[in-house]
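1. Need coordinates for the below:
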Amino acid sequence: MSHAVMRLRNLTVVVNVLGRERVLVDGLNLDIPQEGILALVGGSGSGKTTTGLSILRLLSPALEIQRGVIFYKSKDLLNATEAHMRQLRGKEISMVFQEPLSAFNPVFSIGYQIEEVLRFHTDLGRSRRKARVEELLDVVGMPDPRGMRDKYPHQLSGGMRQRAMIAQAIAVDPKLIIADEPTSNLDVTLQARIMELFRKLKKELKLSILLITHDLGMVGHLADEVAVMHQGRIVEHGPTQQILDRPQHAYTRELMETG
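-> Below you'll find the model as predicted:
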């Protein structure tokens with residue numbers, strides 16, 4: 001794919017532990033394809049989630065982006081103001097987190113929290129926002145969207161919460177979704193359903209998706225391209241089938257064997 005929705009160049013992220021600097025992401029270069037799914041694959045501690053959070057500038061204060069550029073619409077997001085980033089988050093770039101129960105606020109209903117994105121990023125009136133929430137819940141395959149709208153996060157199953165989080169992520173038609181281990185806490189059947197949902201949304205909404213995962217088996221069914229990350233670096237990158245059929249790097253082969 002020749003066109004990229006986003007380009008990361010020389011991204012380097014460090015953490016200081018007791019005065020000692022440790023590199024988490026080491027000079028990373030990555031293009032996220034336009035209207036495609038790029039899987040960023042690696043084991044725990046490889047730097048893949050840190051990369052995703054860096055794009056939205058949501059890193060914890062202990063972590064520092066030391067250098068690099070993240071180009072989106074010809075603008076370097078690392079030099080953007082916080083006000084600009086607030087406008088981008090949710091509206092143009094959304095994130096689906098690994099554990100929706102901790103990402104959602106337990107004291108507000110699912111519908112209220114999805115509607116919050118619409119309140120911030122659109123000028124829709126109250127009744128239109130509520131209708132839009134129901135539309136979104138229907139799009140992600142939630143049964144009884146009106147009834148589900150008023151439920152609280154703890155009242156939903158893991159798969160339902162994940163669907164609600166995806167509904168929130170697509171609420172205002174973003175261009176890019178960063179999905180961080182979106183199926184890791186689900187059983188095999190629910191994983192398949194969420195993967196199918198991502199495929200459907202990519203096609204219907206013309207989304208670009210950065211899929212962060214440790215599961216090479218899953219990306220075979222979902223991703224157009226795979227970038228394998230190990231110790232903060234990309235060690236292999238190419239079309240999915242090529243990587244799965246003819247892995248070149250020892251770490252990629254190790255991931256395939258353990259997966």
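
2. mind checking how far the longest helix anywhere in the chain is from the chain centre?
-> Across the chain, the helix with the greatest residue count (assigned by DSSP state H) is helix 188-205. Relative to its parent chain, helix 188-205 has a centroid offset of 14 Å by C-alpha atoms, centre = their mean, to the nearest Å.

3. so what secondary structure elements neighbour it?
-> Helix 188-205 is packed against helix 158-169, strand 208-213, helix 216-222, with contacts defined by 3 or more C-beta pairs under 8 Å, 6 or more residues apart in numbering; DSSP states H and E. For every residue, glycine as well, the C-beta is placed using N, CA and C.

4. Other residues contacting that helix?
-> Around helix 188-205, the neighbours that count as contacts under C-beta atoms under 8 Å, 6 or more residues apart in numbering are 35-37, 139-141, 158-159, 162-163, 166, 170, 173, 177, 179, 182-183, 186, 207-209, 211, 218, 221-222.

5. hmm, try it at 10 Å
-> With contacts defined as C-beta atoms under 10 Å, 6 or more residues apart in numbering, helix 188-205 is touched by 35-37, 96, 139-141, 157-160, 162-163, 166, 169-170, 173-175, 177, 179, 182-186, 207-209, 211, 215, 217-219, 221-224.

6. Any of the residues you listed buried? List them.
-> The neighbour-count criterion (16 or more other C-beta atoms under 10 Å) marks 35-37, 96, 139-141, 159-160, 162-163, 166, 169-170, 174-175, 177, 179, 182-183, 185-186, 207-209, 211, 215, 218-219, 222-224 among the contacts of helix 188-205 as buried.

7. Sheet partners, orientation included, of the helix or strand hosting Arg22?
-> Secondary-structure assignment from DSSP states H and E places Arg22 in strand 20-33. Using DSSP bridges, the strands paired with strand 20-33 in its sheet are strand 4-17 (antiparallel).

8. pLDDT on the partner strand, on average?
-> Per-residue pLDDT over strand 4-17 has a mean of 95.

9. What of stretch 190-201?
-> For stretch 190-201, the per-residue pLDDT values average out at 86.

10. Can I get it in PDB? Just the C-alpha atoms.
-> What follows is the C-alpha trace of stretch 190-201 in PDB, where atoms were taken according to Å, rounded to 0.1, in the frame of the first residue of the first chain:
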ATOM      1  CA  LEU A 190     -15.900 -13.700  21.000                       C
ATOM      2  CA  GLN A 191     -12.400 -13.000  19.500                       C
ATOM      3  CA  ALA A 192     -13.600 -14.200  16.100                       C
ATOM      4  CA  ARG A 193     -16.700 -11.900  16.400                       C
ATOM      5  CA  ILE A 194     -14.600  -8.800  17.300                       C
ATOM      6  CA  MET A 195     -12.200  -9.600  14.500                       C
ATOM      7  CA  GLU A 196     -15.100  -9.800  12.000                       C
ATOM      8  CA  LEU A 197     -16.400  -6.500  13.400                       C
ATOM      9  CA  PHE A 198     -13.100  -4.800  12.700                       C
ATOM     10  CA  ARG A 199     -13.000  -6.200   9.200                       C
ATOM     11  CA  LYS A 200     -16.600  -4.900   8.600                       C
ATOM     12  CA  LEU A 201     -15.900  -1.400  10.000                       C
END
